[in-house]
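# 3D, please:
(one chain, ligands or ions: 2)
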Amino acid sequence: REGYDVHEVESKWLPVWEDLQPFRADDESPREKRYALTMFPYPSGDLHMGHAEVFSLHDVVARYWWQRGYEVLNPMGFDSFGLPAENAAIRNDEHPSTYTYRNIGRSIDSCKRLAASFDWSRTLNTSDPEYYRWTQWLFLRFYERGLAYRKQSPVNWCPNDQTVLANEQVVDGHCERCGAEVTKRDLTQWYFKITEYAQELLDNLDDLAPTWGDRVVNAQRNWIGRSEGAHVTFPLVEESSSEASPDQGIQVYTTRPDTLFGATFMVVAADAPLADELVSDEQRPAFEAYREEVRKASDIDRLATDRPKTGVDLGRKALNPVTGQQIPVYAADYVLADYGTGAIMAVPGQDQRDWDFAEKFGLPIVRTVQPPADFDGEAFTGDGPATNSSNAEISLDGMGVAEAKRTIIDWLDKKALGRGTVNFRLRDWLLSRQRYWGAPIPIVHCSTCGEVPVPDDQLPVVLPELRGADLKPKGVSPLAAARDWVEVACPRCGGPAERDTDTMDTFVDSSWYFLRYCSPHDTHQPFDPAKANAWGPCDIYIGGVEHAVLHLLYARFFTMVLNDMGMVDFREPFSAQLNQGFVINQGKKMSKSLGNGVSLGEQLSAYGVDAVRLTLVFAGPPEDDIDWADMSPSGSLRFLQRAWRLAGDVTSEPGADPSTGDVALRRVTHKTVHEAGQLVERHRFNVMVARTMELVNATRKTIDAGAGPSDPAVREAAEAVAVLLSLVAPYTAEEMWERLGHQPSVARAGWPVVDAALLVEETVTAVIQVQGKVRGRLEVSPGVSEEDLRAAALADPAVVRALDGREPRTVIVRAPKLVNVVV
Ligand code: ANZ
Ligand code: ZN
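Numbers count the residues shown, from 1 in each chain. Ligands and ions are numbered 1, 2, ... in the order given. Okay, here's the model as predicted:
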């Protein structure tokens with residue numbers, strides 16, 4: 001028996017494909033365009049099983065679209081700025097680019113070996129000056145539109161990486177990258193005003209939900225965190241010795257203005273400037289000591305409900321605007337400085353944190369929502385009639401929460417004490433980093449002119465050459481030490497000035513890369529709008545669910561701004577999404593410490609590319625995790641060999657007319673092709689593979705039993721198998737195609753045309769008897785189940801008439817031919 005040497009086949013076809021370039025996307029093609037995007041990797045080493053998985057799944061879609069006759073843009077590049085390269089450079093005393101570009105080279109080779117259908121003529125790396133020139137250019141456009149600005153505020157600080165982090169990069173109070181506990185620092189940093197787009201970022205999710213899936217959409221909704229409430233001002237009671245301005249009040253943001261009558265004290269974030277302004281001289285020492293403690297805690301800890309409450313009386317009183325009572329003002333850590341107004345009205349009757357604080361500090365608790373009779377908890381957060389909520393002018397008593405909210409907001413509005421507002425949890429995007437390996441922020445600081453943008457014709461601002469120990473994190477950007485680079489003439493006045501020494505968050509780089517792919521060699525602009533509009537928005541975006549909030553939200557924001565700038569004609573970049581599961585091993589995530597890692601290279605050597613790809617695609621629905629321990633790549637390989645042998649057995653000539661062939665096999669072939677298309681479109685790739693396996697078996701049976709290898713229906717089936725397999729196992733498919741007498745590449749052979757007549761199910765006639773007498777006939781499918789046939793028979797009008805209301809005693813079903821009803 002001939003052998004199928006997978007490695008031989010791999011080295012045979014790679015150069016042929018390199019030559020044929022079957023997947024070059026042609027901008028000028030008259031075909032309908034499709035854009036298949038997969039998240040570009042960070043080049044941290046060679047590719048691993050996770051990459052192989054996502055590229056294999058992605059490839060099914062991209063290759064399918066080619067087969068269906070679309071012009072497909074399926075690009076790949078590298079998100080190549082970032083910390084790991086910098087840390088490796090410090091360890092190995094080299095330049096971060098050495099590590100980066102070495103890994104990129106390796107990864108490209110691996111991608112090619114995997115036969116991923118990427119168009120390599122469009123590849124890009126975000127660390128290439130030709131790329132980051134345009135990242136800087138976009139930053140300047142955002143700056144001109146007031147969407148990039150600098151401000152001082154307490155920011156997340158990773159003490160290990162010695163850099164600030166965006167809120168999105170803090171996971172449960174820890175640095176997303178290194179796991180160190182994140183602390184707070186007061187720093188002047190650059191921000192993108194993503195909050196200006198908060199409402200639209202939220203609204204569009206409704207339309208995206210059907211094609212994005214609830215997991216990502218809900219994560220984004222929560223992150224944006226829209227809440228409706230009110231801003232309410234509590235007048236300050238004058239200090240007798242006060243020099244403070246008399247008309248000051250404390251403004252709070254509340255989602256429960258209906259509980260205003262129960263506000264018995266106020267709390268200001270201890271680290272907010274307001275606390276510092278309010279504190280009385282007497283309380284200042286205690287306050288400052290407390291503030292020191294607070295600055296060490298993470299936001300997550302601070303907001304935790306079960307955390308013991310701490311705080312300091314600021315020695316000031318405010319006036320509850322509805323009860324007229326003087327209430328104390330505290331500083332505490334459970335209120336955050338950068339949310340709402342940084343101050344709250346505390347309503348212990350309805351908020352558990354306020355309740356705990358009130359108990360600890362001996363403050364009054366008043367219920368303003370009546371809990372149900374059987375309620376035995378502390379704060380009651382549910383709905384119920386308002387109580388203790390009236391004064392001479394207004395009464396909320398008896399109203400439910402919603403009505404009470406509306407009523408009090410109207411009243412506050414009339415009194416100019418407050419107004420209804422919408423609030424978002426989403427913060428502006430902190431984009432500056434104190435690290436080296438990123439795009440320098442193209443701003444010059446001049447003592448005369450202030451912030452001066454680097455003129456467009458001086459872009460890119462290329463990174464200065466720093467390596468090894470120069471890159472050690474010091475709390476200020478390593479760029480600050482490159483004095484020759486830092487010191488420049490002010491572009492506006494020509495006087496001595498300094499470059500901004502921060503670099504941009506790498507999420508800036510990845511917020512627009514999918515547009516650059518549309519015209520990657522453009523030297524005049526970041527991308528050609530006409531081409532971006534021709535290809536975009538992406539018809540599918542495949543990647544990990546871990547990017548649900550960070551990357552996807554930022555890319556959406558960028559797209560909206562670019563649309564406002566007139567550079568793209570769409571506002572959402574990704575029409576559909578697929579988030580693959582993880583490849584795990586023995587039930588656990590692969591990790592060095594567990595020693596359960598599976599090496600992609602070893603799997604490829606043992607079973608070949610196609611068997612590994614097939615295993616990953618066949619494992620289950622793409623969203624599910626794949627436990628490699630439960631997989632059988634050797635089983636996949638055996639199947640591929642079976643398919644390959646099929647092609648070798650065919651003896652009819654290419655082009656043989658299948659209409660004279662075995663009809664039963666033809667039906668299977670056409671049904672399989674038809675269903676396979678639908679299955680790919682529904683992302684049920686694993687089922688598509690299962691159908692292909694069944695087709696292989698059916699073909700083999702026909703060869704063995706029926707007309708044999710010369711039957712043209714056998715050729716038709718084998719060719720269909722080759723095309724279907726080209727989505728998953730490109731080497732085997734190409735080899736089959738050649739054995740079937742065709743020119744490469746099968747990848748562009750075209751989807752087999754389905755003959756609708758062959759899809760119509762054959763039927764058989766089932767006879768229905770009542771008491772042994774034939775009462776009716778039914779046309780049913782040969783595979784009809786006993787239950788279905790029984791139900792259909794009993795519902796038949798002739799049978800109903802014959803039964804005349806009698807209950808059948810027994811129903812004997814012999815599917816698909818006979819039903820006998822006995823009464
Ligand atoms: C009074 C009140 C009564 C509140 C009540 C809640 C329940 P979301 O929904 O997340 O927007 N809050 C406001 N600013 C805060 C800050 N800087 N740090 C911590 N908490 C803050 O939350 C809004 C609610 O969180 C606000 O409504 C406020 O407490 C609190 F029965 O005001 B509430
Ligand atoms: Zn100047």
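# Quick check: bridge partners of Phe192?
For Phe192, the residues forming beta bridges with it (DSSP bridges) are Ala148, Trp429.
# That one and Lys671, how far apart?
According to Cβ to Cβ, to the nearest Å, Phe192 and Lys671 sit 52 Å apart. Placement of C-beta: from N, CA and C, glycine included.
# okay, the two: which has more neighbours?
Set Phe192 next to Lys671 and count neighbours by other Cβ atoms under 10 Å: Phe192 wins out with 27 against 17.
# could you pull out the helices for the stretch 601-750 of the chain?
609-618, 633-649, 663-681, 685-705, 712-725, 730-739 (DSSP state H, counting those that start in this stretch).
# So which residues make contact with the lowest-mean-pLDDT helix or strand in the chain?
Lowest by mean pLDDT, DSSP states H and E among the helices and strands of the chain is helix 299-303, with a mean of 71. Residues outside helix 299-303 that contact it (Cβ atoms under 8 Å, 6 or more residues apart in numbering): Asn156, Val170, Asp172, Gly173, Val294, Arg307, Asp333, Tyr334, Leu336.
# isn't Ala263 right next to Leu319, touching?
No - using Cβ atoms under 8 Å as the test, Ala263 is too far from Leu319 to be in contact (10.5 Å).
# Which neighbours do the two have in common?
Phe234, Ile327.
# Now the residue most central in space within the chain, what are its backbone angles?
Nearest residue to the geometric centre of the chain (Cα atoms, centre = their mean): Ala548, 2.8 Å. The phi/psi pair for Ala548 (degrees, to the nearest 10) reads phi -50, psi -40.
# Check the spacing between it and ligand 2 real quick.
43 Å (Cβ to the ion, to the nearest Å).
# same thing with Asp397?
Remark: distance between Asp397 and ligand 2 (Cβ to the ion) = 64 Å.
# Compute the number of surrounding residues for that residue.
Number of residues near Asp397 (other Cβ under 10 Å) recorded here: 15.
# if we can go back for a sec, briefly note if the least confident helix or strand of the chain comes near ligand 1.
No - residues of helix 299-303 are not located near ligand 1 by Cβ under 6 Å from any ligand atom, the shortest gap being 6.6 Å.
# Looking at the helix or strand that comes right after that helix now, give me its mean pLDDT.
The helix or strand immediately downstream of helix 299-303 is strand 311-319, counting by DSSP states H and E. On average, the pLDDT along strand 311-319 is 96.
# Check which residues of strand 311-319 are buried.
By 16 or more other Cβ atoms under 10 Å, the buried positions in strand 311-319 come out as Gly311, Val312, Asp313, Leu314, Gly315, Arg316, Lys317, Ala318, Leu319.
# Turn those into a markdown table, including distance to Ala85.
Formatted as a markdown table, the buried residues of strand 311-319 follow (distance: Cβ to Cβ, whole Å):
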| residue | distance to Ala85 |
| --- | --- |
| Gly311 | 44 |
| Val312 | 45 |
| Asp313 | 50 |
| Leu314 | 48 |
| Gly315 | 52 |
| Arg316 | 51 |
| Lys317 | 56 |
| Ala318 | 52 |
| Leu319 | 57 |
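# what's the closest non-adjacent residue to Ile394?
Nearest non-adjacent residue to Ile394, counting by Cβ to Cβ, 6 or more residues apart in numbering: Trp411, 5.1 Å away.
# Check which helices and strands whichever strand or helix holds the one you found is in contact with.
Secondary structure from DSSP H and E places Trp411 in helix 401-414. Contact here means 3 or more Cβ pairs under 8 Å, 6 or more residues apart in numbering; DSSP states H and E; on that basis helix 401-414 packs against strand 226-235, strand 418-424.
# closest to Gln678 among the contacts of helix 299-303?
Nearest to Gln678 among the contacts of helix 299-303 is Asp172, at 41.6 Å by Cβ to Cβ.
# mind exporting the least confident helix or strand of the chain as CSV, just the C-alpha atoms?
Written as CSV, here are the backbone C-alpha positions of helix 299-303 (Å, rounded to 0.1, in the frame of the first residue of the first chain):
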residue,chain,number,x,y,z
ASP,A,299,-9.5,50.6,44.1
ILE,A,300,-10.8,47.0,44.4
ASP,A,301,-9.9,46.8,48.0
ARG,A,302,-11.4,50.2,48.6
LEU,A,303,-14.7,49.3,47.1
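# follow-up on the earlier one: angle of the helix holding Trp411 against strand 226-235?
With axes from the mean of the first three to the mean of the last three Cα atoms, to 10 degrees defining the directions, helix 401-414 sits at 50 degrees from strand 226-235.
# chain center to helix 401-414, what's the gap?
Helix 401-414 sits 38 Å away from the centroid of its parent chain (Cα atoms, centre = their mean, to the nearest Å).
# That helix and ligand 1, any residue contact?
No - if you take Cβ under 6 Å from any ligand atom as the test, helix 401-414 misses ligand 1, and the best it gets is 9.3 Å.
# ok, His521 - contacts?
Listed by Cβ under 8 Å, 6+ apart, His521 has no contact partners.
# and what of Thr651?
By Cβ under 8 Å, 6+ apart, Thr651 lies in contact with Pro709, Ser710.
# how about the residues of the stretch 101-250 of the chain near ligand 1?
For the stretch 101-250 of the chain, the contact set with ligand 1 under Cβ under 6 Å from any ligand atom comprises Ser227.
# Would you pull up the residue in the stretch 101-250 of the chain closest to ligand 1?
Here the stretch 101-250 of the chain gets closest to ligand 1 at one residue, Ser227, 3.8 Å apart by Cβ to the nearest ligand atom.
# do you know how far that residue is from Val422?
Relative to Val422, and taking Cβ to Cβ, Ser227 is found at 7 Å.
# Settle it for me: which of the two has more neighbours?
Taking neighbours as other Cβ under 10 Å, Ser227 and Val422 compare with Ser227 leading, 13 against 10.
# surely the more buried one meets Pro257?
No - here Ser227 does not reach Pro257: they are 11.9 Å apart, not a contact under Cβ under 8 Å.
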